[in-house]
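Chemist: one predicted model, sequence on top.
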Amino acid sequence: MKALFDVGGFRGEFTEAAFLHFDLIHLFEPSPSLYEGLFEKKATSTKMGWDKVHIHPYGLWNKFAYQNLYHSSTRSGTIFKDKVYYDVYWDELEEDLVEDCVLVPAHLIRPIGGAQNFMKLNCEGCEVGILESLADSGMINAYSSIFVDFDFYKSQSLHAESIEKVKYIMKQYKDKIYDATGRKESHEDAIKRWMTHI
């Protein structure tokens, strides 16, 4: 059995693209408004696969936190206020919203016993903290592969402290982490490429 931990679910597009490749999906979305949309989508969608998805109304990081989530209803939603403004899609600016969100240390999430566990990280700056939490606890070894789209470089407050951490983690776990930063392809193609990489 293959299990996916989809961190940063947004509106479920990556999740739906993953239906063909995974038997069980745990989806994490800290935005209350996006979580409600995902819950509604699961309840009403006629697309096969939502029955294997478990949706969690919080995000992952390297500590417990109750944070402001800026641009919460957009694909650029982040807890880092200084994340560069160009990253917000102009057609979504009218949706700009600040919501409260809950974050949980990533190492407390238990992979599925007896399964091949995979993780996808696209969470607008929290990726480094999540990898740090998994690496420091040793829980990173419970995952067969981790798909990461890094966003730390879009925040001045994150960039300086994150760059060395990323270099170290990527060096230590280069066979486990699939760096998809800056990809320009569909979710389906990205997953196919990831699965081929594995």
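Modeler: Perfect, I can see it now. Note that the coordinates shown come from a computational prediction; the quantities given were computed from them, not determined experimentally.

Chemist: which residues are contacting the longest helix anywhere in the chain?
Modeler: Ranked by number of residues, the top helix in the chain under DSSP state H is helix 156-172. Contact with helix 156-172 is made by 80, 82-83, 125, 128, 131-132, 135, 150, 152-153, 177, 179, as judged by Cβ atoms under 8 Å, 6 or more residues apart in numbering. For the C-beta atoms, the positions are set from N, CA and C on the backbone; glycine is no exception.

Chemist: for those residues, which one is nearest G12?
Modeler: Among the contacts of helix 156-172, G125 lies closest to G12 (Cβ to Cβ), at 20.7 Å.

Chemist: picking up where we left off before, counting by contacts, list what the helix or strand following the longest helix of the chain packs against.
Modeler: Where DSSP states H and E defines the elements, the next helix or strand beyond helix 156-172 is strand 177-179. Using 3 or more Cβ pairs under 8 Å, 6 or more residues apart in numbering; DSSP states H and E as the contact test, the elements touching strand 177-179 are strand 145-148, helix 156-172.

Chemist: hmm, 10 Å instead?
Modeler: With contacts taken as 3 or more Cβ pairs under 10 Å, 6 or more residues apart in numbering; DSSP states H and E, strand 177-179 sits against strand 116-121, helix 127-137, strand 145-148, helix 156-172, helix 187-197.

Chemist: average pLDDT across the first one?
Modeler: Throughout strand 116-121, pLDDT has a mean value of 96.

Chemist: list the strands paired with it, with their directions.
Modeler: Here strand 116-121 has these sheet partners by DSSP bridges: strand 2-7 (parallel), strand 145-148 (parallel).

Chemist: any chance of those strands in CSV, with distance to V53 too?
Modeler: Compiled in CSV, these are given as follows (distance: least, Cβ to Cβ, whole Å):
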stretch, distance to V53
strand 2-7, 8
strand 145-148, 17
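
Chemist: any regions of the chain where pLDDT drops low?
Modeler: The chain contains residues with pLDDT under 70 at 83-96, 155-156, 159, 198.

Chemist: just read off the phi/psi values of the residue lying closest to C126 once chain neighbours are set aside.
Modeler: Closest residue to C126 apart from its sequence neighbours, by Cβ to Cβ, 6 or more residues apart in numbering: W61 at 5.0 Å. Main-chain dihedrals, W61, degrees, to the nearest 10: phi -160, psi -160.

Chemist: the one 4 residues further on too?
Modeler: Torsion angles at A65 (phi, psi; degrees, to the nearest 10) stand at phi -150, psi 150.

Chemist: which residues touch the nearest residue to it once chain neighbours are set aside?
Modeler: If the residues on either side of it in the chain are set aside, A65 comes closest to L103, at 4.3 Å by Cβ to Cβ, 6+ apart. Contact analysis of L103 by Cβ atoms under 10 Å, 6 or more residues apart in numbering lists 28, 30, 58-67, 69, 79, 123, 126, 129-130.
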